[in-house]
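Enquirer: sharing a model prediction with you, sequence too.
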Amino acid sequence: MRKERLEAFSDGVLAIIITIMVLEIRVPMGDKLANLRPLIPIFSSYVLSFIYLAIYWNNHHHMMHTVKHVTGDILWANLHLLFWLSLVPFVTGWMGENHFAQAPLALYGVILLMSAIAYYILQTRIIRNHGQDSILSKAIGKDFKGKISPVLYIVAICSSWISEWISGGIYILVALMWLIPDRRIEIIFRNEES
């Protein structure tokens, strides 16, 4: 299979996931700004999840630029990632509708953790198929952010039972950490061309 088909399918799934999330936000009755107040937690959870999905889309896009050929295990690893990301609208809605309560906040973290693990599996499948000298392997390097994120998700999941604020703050911290564009792949591509 050509990697373009995998990219197009993944882009389509992520677009549908984002569309489902925004369709879950119900228009309030009334024409006053005050009528929007009950939507603040729902909209806040949407914004956080949109940022996470955008980060995954961006990083997936960069990672796919390093792929020369797609194998069956890469296809399955990619579907595994899309499975976990497809659950984001559900946990986003549950978390927002329940004002960031403990159980929804913990499940949100579980979905983020499983998405991170699935992304790591996809990454390792690509490296295994393309070799340790591949562009992706060189670009990842020690991958501090990739290693610390699952640890932070676990801390956030556990702290959701102690303080919703701490848990939510950790989810925001991880998103901000990844929001800064990761230029490792671009730098390796430039060095390879030179």
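Expert: That came through, no problem.
Enquirer: got the contact list for Glu164?
Expert: For Glu164, the residues meeting the contact criterion (C-beta atoms under 8 Å, 6 or more residues apart in numbering) are 100-102, 105. Glycine gets a C-beta too; all of them are placed from N, C-alpha and C.
Enquirer: try it again at 6 Å.
Expert: 100, 105 (C-beta atoms under 6 Å, 6 or more residues apart in numbering).
Enquirer: pLDDT at it, what is it?
Expert: In the predicted model, Glu164 carries a pLDDT score of 95.
Enquirer: for it, give its distance to Val88.
Expert: 19 Å (C-beta to C-beta, to the nearest Å).
Enquirer: for Asn129, same thing?
Expert: 27 Å.
Enquirer: His99 now?
Expert: His99 sits 18 Å away from Val88, going by C-beta to C-beta.
Enquirer: please say which of those two ends up with more neighbours.
Expert: Using other C-beta atoms under 10 Å as the criterion, His99 and Val88 rank with Val88 on top: 24 against 15.
Enquirer: touching, the more buried one and Phe50? I think so.
Expert: No - counting by C-beta atoms under 6 Å, Val88 stays clear of Phe50, with 9.4 Å between them.
Enquirer: anything in contact with each of the two?
Expert: Counting by C-beta under 6 Å, 6+ apart, nothing touches both Val88 and Phe50.
Enquirer: quick one: low-confidence residue ranges for this protein.
Expert: Scanning the chain for pLDDT under 70 picks out 181-182, 184, 189, 192-194.
Enquirer: which helix in it has the most residues?
Expert: Counting by DSSP state H, the longest helix found in the chain is helix 102-130.
Enquirer: continuing past that one, what's the next helix or strand?
Expert: Downstream of helix 102-130, the next assigned helix or strand under DSSP states H and E is helix 135-140.
Enquirer: that following helix - contacts with which helices or strands?
Expert: Judged by 3 or more C-beta pairs under 6 Å, 6 or more residues apart in numbering; DSSP states H and E, helix 135-140 is in contact with helix 102-130, helix 184-193.
Enquirer: how far off centre is the helix or strand just after that helix?
Expert: Using DSSP H and E, the helix or strand that follows helix 135-140 in sequence is helix 144-159. Relative to its chain's centre, helix 144-159 lies at 13 Å (C-alpha atoms, centre = their mean, to the nearest Å).
Enquirer: buried residues, the following helix or strand past helix 144-159. List them.
Expert: On the C-terminal side of helix 144-159, the closest following helix or strand by DSSP H and E is helix 164-179. By neighbour count on 16 or more other C-beta atoms under 10 Å, the buried set for helix 164-179 is 164, 167-168, 170-171, 174-175, 178.
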